[in-house]
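In: 3D model of this:
(one chain, ligands or ions: 1)
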Amino acid sequence: MGHSFLRKSLAVAAAVGILTGAASAQTIKIGVVNTFSGPQASFGEMIDRAFRLYIKLNSDKLPPGVKIEIINRDDGGANPDKAKQLAQELIVRDKIDFLSGITFTPNGMAIAPIATQAKMPTVLVNAGTSVVVTRSPYYVRTSFTIFQHCVPLGTWAAKSLKKTFILVSDYAPGHDCEEAYSSSYKPAGGEIVGVIRAPVATADFAPFLQRVKDAKPDALMVFLPAGRTATAMMKSFVDLGLKSSGIKLIGTGDIAPEEELPNMGDEAIGTISMFHYSAAGDRPANKAFVAAWRKEYGEKATPNFAAASSWDGMAMMFDAIIKQNGKLNPDKSIEIMSHFKTDNSPRGTIYIDPETRDIVQNEYLRETRRVNGELQNVEIETAAVAIKDPWQAMQKAKK
Ligand code: PHB
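Out: Sure thing, here's the model as predicted:
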């Protein structure tokens, strides 16, 4: 009996040996905590489409036998407890190699301690409050910071719009926007005539916009999470007569995301926004990106800023995988990703500042126009070249 047991064990060992030998194939798992439901569900679709398109078009660059698997989880929006639980499960049960997604700042804040504890290389492809990336040494951000948009926006606005009313979502990125805009607008002579912090879940903007109208500002500066919320605000802005009374609508590009422009219609025309990406940008790398997107997802589909950040985020993960020949070490991955640089982003040249693990990129002043029958955010000026997060610089100056 002992003998046959030994024979069997040897047979099993041999079989396993052969299997592992033959199967040099290796799957690298990327866990994605993202928003697939609720008013910000467009993030789920944009980010997932960008990841899958990048993988499809570039998998031949991976080391032989290496495959990428995406594991998506829906946080439903700004739900820090849920997001944390999902990240935990992805790490412990699914044994992911990278974590990504993270549309909402509060979710990124909640996940940071477990990313640190698990040494989980995490690529933030949306959450934009400056402080988030500082919360874990395993965080790298390819999206943007709200300060990157709102500081140049304040500088630009002060030139011709002397009185601004501020309307922001009442959570961290909204607070960043208010602070950043004021920090450049006020010293340049602008006056803030009112501030409203509206609950993040606001769907009816009429009561807030009535107050704005009564204050008669030159500009209304808005930050809110992109998606259907932006269209609700835009419609109210027009319906209540703010647009026709001559108030200029300005803000971060979140107020005019590409996928919502058809829902907004001509009411969006004339909106001024400061952002790191527009699908209408005429850089060759962007034209190629938009063309590849439409080939894959249809002529009516247009990538937005989250798609661009995710495309670059996947390129960055590919870089870490390729440079380690598929044998991943978390600290090495972070080291490599912290030095990521490309001239071929749809946004132009971008790089990660190794000191902060945060994105450095251009900011474009855009105006929403109808071009060849299509609503677009036309880039009318490069307002900042290779801008680092201004908040980080302000923190240093305070010390
Ligand atoms: C964020 O929570 O940081 C956030 C969410 C949606 C946006 C921008 C920023 O459109």
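
In: only C-alpha atoms for contact and neighbour calcs from this point on.
Out: Will do.

In: how much space separates the residue nearest to the spatial centre of the chain from the ligand?
Out: Nearest to the mean C-alpha position of the chain, counting by C-alpha atoms, centre = their mean, stands N126 at 2.2 Å. Separation of N126 from the ligand (C-alpha to the nearest ligand atom, to the nearest Å): 6 Å.

In: how about that residue, what does it touch?
Out: 101-104, 141-144, 306, 309 (C-alpha atoms under 8 Å, 6 or more residues apart in numbering).

In: from what I can see S278 touches E381, true?
Out: No - contact criterion C-alpha atoms under 8 Å: S278 and E381 do not qualify, at 11.9 Å.

In: which residues do the two both contact?
Out: With C-alpha under 8 Å, 6+ apart, S278 and E381 have common neighbours R366.

In: comparing those two, which residue is more hemmed in?
Out: A count of neighbours by other C-alpha atoms under 10 Å puts S278 above the other of S278 and E381, at 25 against 12.

In: just say helix, strand or coil for that one.
Out: The three-state assignment at S278 reads coil, by DSSP: H, G, I helix; E, B strand; the rest coil.

In: so what's it up against?
Out: Taking C-alpha under 8 Å, 6+ apart, one finds 258, 304-305, 347, 366, 377-379 in contact with S278.

In: for it, give its distance to Q376.
Out: 8 Å (C-alpha to C-alpha, to the nearest Å).

In: list the residues that contact both of the two?
Out: E258.

In: quick one: what helix or strand has F289 in it?
Out: helix 284-297 (DSSP states H and E).

In: doesn't L261 fall inside a helix?
Out: Yes - membership of L261 in a helix is supported by three-state DSSP.

In: i'd like the first residue to be 25 from this point on
Out: In the new count, where the first residue is 25, that last one comes out as L285.

In: which residue packs closest to it, ignoring adjacent ones?
Out: L399 (6.2 Å; C-alpha to C-alpha, 6 or more residues apart in numbering).

In: interface residues of this structure facing the ligand?
Out: Applying C-alpha under 6 Å from any ligand atom, one finds that the chain approaches the ligand through 127-129, 151-153, 197, 249-250, 278.

In: do that again at 5 Å, thanks
Out: 128-129, 151-152, 249-250, 278 (C-alpha under 5 Å from any ligand atom).

In: in JSON lines: the residues you listed, plus neighbour count and secondary structure.
Out: Listed next are the residues of the chain next to the ligand as JSON lines, based on neighbours: other C-alpha atoms under 10 Å; DSSP: H, G, I helix; E, B strand; the rest coil:
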{"residue": "F128", "neighbour count": "28", "secondary structure": "coil"}
{"residue": "T129", "neighbour count": "24", "secondary structure": "helix"}
{"residue": "A151", "neighbour count": "25", "secondary structure": "coil"}
{"residue": "G152", "neighbour count": "26", "secondary structure": "coil"}
{"residue": "P249", "neighbour count": "23", "secondary structure": "coil"}
{"residue": "A250", "neighbour count": "24", "secondary structure": "coil"}
{"residue": "D278", "neighbour count": "20", "secondary structure": "helix"}
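
In: pick out the most distant pair among these.
Out: Across the residues of the chain next to the ligand, the longest distance by C-alpha to C-alpha is 14.4 Å; it joins T129 and D278.

In: could I have stretch 230-248 exported to PDB, CA atoms only?
Out: This file holds the C-alpha atoms of stretch 230-248, laid out as PDB (Å, rounded to 0.1, in the frame of the first residue of the first chain):
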ATOM      1  CA  ALA A 230     -32.900  75.200  -9.200                       C
ATOM      2  CA  PRO A 231     -32.900  76.500  -5.600                       C
ATOM      3  CA  PHE A 232     -29.200  77.100  -5.700                       C
ATOM      4  CA  LEU A 233     -29.100  78.700  -9.100                       C
ATOM      5  CA  GLN A 234     -31.900  81.100  -8.200                       C
ATOM      6  CA  ARG A 235     -29.700  82.500  -5.500                       C
ATOM      7  CA  VAL A 236     -26.900  82.800  -8.000                       C
ATOM      8  CA  LYS A 237     -29.100  84.700 -10.400                       C
ATOM      9  CA  ASP A 238     -30.200  87.200  -7.800                       C
ATOM     10  CA  ALA A 239     -26.500  87.900  -7.000                       C
ATOM     11  CA  LYS A 240     -25.900  89.000 -10.600                       C
ATOM     12  CA  PRO A 241     -22.300  87.800 -10.900                       C
ATOM     13  CA  ASP A 242     -20.200  88.000 -14.100                       C
ATOM     14  CA  ALA A 243     -19.400  84.300 -13.800                       C
ATOM     15  CA  LEU A 244     -20.700  81.200 -12.200                       C
ATOM     16  CA  MET A 245     -17.800  78.800 -11.500                       C
ATOM     17  CA  VAL A 246     -18.800  75.200 -10.900                       C
ATOM     18  CA  PHE A 247     -17.300  71.900  -9.800                       C
ATOM     19  CA  LEU A 248     -19.400  68.800  -9.600                       C
END
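
In: A strand includes the residue nearest to L285, no?
Out: Yes - residue state for L399 (three-state DSSP) corresponds to a strand.

In: can you list the weak-confidence ranges in the chain?
Out: Along the chain, the parts satisfying pLDDT under 70 run over 25-48.
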